[in-house]
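Enquirer: sequence plus the predicted model coming up.
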Amino acid sequence: MAELTDLKLAAGTATPGPNEPIRVVYVMGAGRSGSTVLDTILNNHEDVIGVGELVHLYIEGSAQKENCSCGAARDTCEVWHSVRERWSELTGISSITAHERLMTKFTRVQRLAIPEWHRLRAGNPDPDFAECLKQTHATYQAIADATGKRVIIESSKSPLRAKLLSLTPGLDVRLVHLVRDVRGVAWSRMKPFAKSKEGGVPQDIRPKPIHISVGYWLFMNFLSEQVRRSFPDRPSTRIHYEDFVSAPAQTLKEIGKVAGLDYSSVANRLLAGDAMIPGHLYAGNRVRTAGPITLRSDMAWTERLTPNQKRLAWLLAGYKLRQYGYERLPELTPNSESDVLAARSLRRVA
């Protein structure tokens with residue numbers, strides 16, 4: 001708790017926004033866990049706006065690399081054009097890409113931002129931290145002003161970003177830790193994808209070895225757990241991708257409790273087979289550019305991973321899989337009529 005107190009003192013130098021707190025429902029965890037699908041479905045509540053992986057908003061040239069999920073180029077999308085202009089008005093900075101340096105310094109796991117948090121914890125002053133919080137709040141204020149929505153769903157997944165947002169004055173952050181079986185994540189990361197602006201792939205994606213994916217999965221979920229523990233007073237939950245696809249109404253009810261929203265109508269539409277509209281997700285999995293989606297299970301890993309690959313994944317992460325309620329299972333046939341039942345059977349009731 002000493003760390004949290006120190007960081008709150010550092011955050012206190014940032015001026016809160018003039019309006020009521022903007023509610024942010026933040027989805028964190030490992031990539032390829034279904035966060036874009038979850039964000040898309042949560043976006044279909046009338047009181048929210050889903051923004052996807054918002055961290056890409058600040059990256060120089062990102063607007064030219066992909067389309068918004070609405071189908072328009074990101075640099076011409078009316079919503080994101082308005083957000084950029086409003087952010088500049090609020091901060092007095094000409095371009096939102098100027099925020100990338102601060103965002104990278106405190107939130108990018110790949111850039112080893114963790115030492116920055118340790119320095120703050122030790123009481124070392126850093127004027128960049130207060131400025132980062134101010135510019136971060138301006139981003140969400142700009143989104144609220146551009147869309148008229150005061151509840152924002154974000155699926156950037158970075159736990160360090162979740163920590164930063166939770167310390168940002170003027171934001172009411174609710175945390176959702178999304179977990180998927182590491183074998184499904186590893187299989188997804190083994191698939192290569194060619195660059196396609198229209199298809200939502202900003203650059204060529206090379207396949208990742210299974211041991212690298214398992215290590216990444218363990219680290220991101222560990223950090224997500226630590227962030228939840230750091231903010232025990234904030235509404236938060238952990239959900240599982242497999243539960244979501246097999247029992248979406250129950251999962252949406254749990255998320256609704258955290259978000260302070262009633263998702264029963266969205267759940268009813270989902271169970272009726274209605275397509276979910278992606279809205280204006282800025283970045284995320286390529287599925288966001290494919291138009292309206294329906295929820296379906298993805299159990300291809302049960303057939304596509306070799307027995308040796310499955311054994312390796314279990315050897316490296318079996319202890320954590322057991323903690324999350326997963327079991328070591330016999331072979332399953334994906335994409336069959338029993339697919340949803342297979343997904344449900346992946347997890348036992350803890």
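Expert: Sure, I can see it.
Enquirer: which residues are contacting stretch 209-229?
Expert: Identification of contacts with stretch 209-229 by CB atoms under 8 Å, 6 or more residues apart in numbering yields 28-31, 109, 157, 159-160, 162-163, 166, 175, 177, 179, 182, 185-186, 189-190, 208, 236, 238, 305, 309, 312-313, 316-317, 320. C-beta: built from backbone N, CA, C; applies to glycine.
Enquirer: which single strand of this structure contains the most residues?
Expert: strand 171-179 (DSSP state E).
Enquirer: residues in contact with that strand?
Expert: 21-30, 33-35, 38, 136-137, 140, 157, 162, 165-166, 221, 224-225, 227-228, 231, 234-241, 255, 258-260, 324.
Enquirer: quickly find the element holding the residue nearest the centre of the chain.
Expert: Nearest to the mean C-alpha position of the chain, counting by CA atoms, centre = their mean, stands residue 155 at 2.3 Å. Using DSSP states H and E, residue 155 falls within strand 151-157.
Enquirer: element containing residue 51?
Expert: strand 48-52.
Enquirer: C-alpha coordinates for the helix or strand following that strand, CSV please?
Expert: Where DSSP H and E defines the elements, the next helix or strand beyond strand 48-52 is helix 62-65. Extracted in CSV, the C-alpha atoms of helix 62-65 (Å, rounded to 0.1, in the frame of the first residue of the first chain):
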residue,chain,number,x,y,z
SER,A,62,-0.9,5.2,-37.2
ALA,A,63,-3.8,7.0,-38.7
GLN,A,64,-2.5,6.2,-42.2
LYS,A,65,-1.8,2.5,-41.4
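Enquirer: quick one: average pLDDT of helix 62-65?
Expert: Taken as a whole, helix 62-65 has an average pLDDT of 79.
Enquirer: so for that helix, what gets flagged as buried?
Expert: For helix 62-65, the neighbour count (16 or more other CB atoms under 10 Å) marks 62-63, 65 as buried.
Enquirer: looking at these, which one is closest to residue 267?
Expert: Distance to residue 267 across the buried residues of helix 62-65 (CB to CB) is lowest for residue 62, with 33.1 Å.
Enquirer: that closest one against residue 73, yeah?
Expert: No. Counting by CB atoms under 8 Å, residue 62 stays clear of residue 73, with 11.4 Å between them.
Enquirer: so residue 296 sits in a strand?
Expert: No. Assessed with DSSP: H, G, I helix; E, B strand; the rest coil, residue 296 is coil; it does not lie in a strand.
Enquirer: tell me, how many residues neighbour it?
Expert: 12 (other CB atoms under 10 Å).
Enquirer: phi first, then psi, for it.
Expert: phi -150, psi 160 (degrees, to the nearest 10).
Enquirer: and for residue 283?
Expert: When quoted as degrees, to the nearest 10, the phi and psi of residue 283 stand at phi -150, psi 160.
Enquirer: how about it, what does it touch?
Expert: Counted by CB under 8 Å, 6+ apart, residue 283 has contacts 52-57, 62, 66, 202.
Enquirer: neighbour-wise, which of these leads?
Expert: Using other CB under 10 Å as the neighbour criterion, residue 52 leads the contacts of residue 283 with 29 neighbours.
Enquirer: from residue 311, how far out is it?
Expert: Residue 52 sits 35 Å away from residue 311, going by CB to CB, to the nearest Å.
Enquirer: nearest residue to residue 268 other than its sequence neighbours?
Expert: Leaving aside its chain neighbours, residue 268 sits nearest to residue 249 (7.8 Å; criterion: CB to CB, 6 or more residues apart in numbering).
Enquirer: so where's the protein shaky on pLDDT?
Expert: Residues of the chain that meet the criterion pLDDT under 70 lie in 1-19, 110-113, 122-123, 192-205, 330-350.
Enquirer: how many residues are close by residue 46?
Expert: Residue 46, neighbours per other CB under 10 Å, totals 8.
Enquirer: same thing with residue 268?
Expert: Neighbour number of residue 268 under other CB under 10 Å is 12.
Enquirer: same check on the one 10 residues further on?
Expert: Here the count is done by other CB under 10 Å, and residue 278 has 27 residues near it.
Enquirer: which stretches of the stretch 251-350 of the chain form helices?
Expert: Ranges of helices within the stretch 251-350 of the chain are 264-271, 301-304, 307-323, 339-345, based on DSSP state H, counting those that start in this stretch.
Enquirer: try the stretch 1-150 of the chain
Expert: Counting by DSSP H, counting those that start in this stretch, the helices of the stretch 1-150 of the chain are 2-11, 35-42, 62-65, 78-91, 100-107, 114-121, 127-147.
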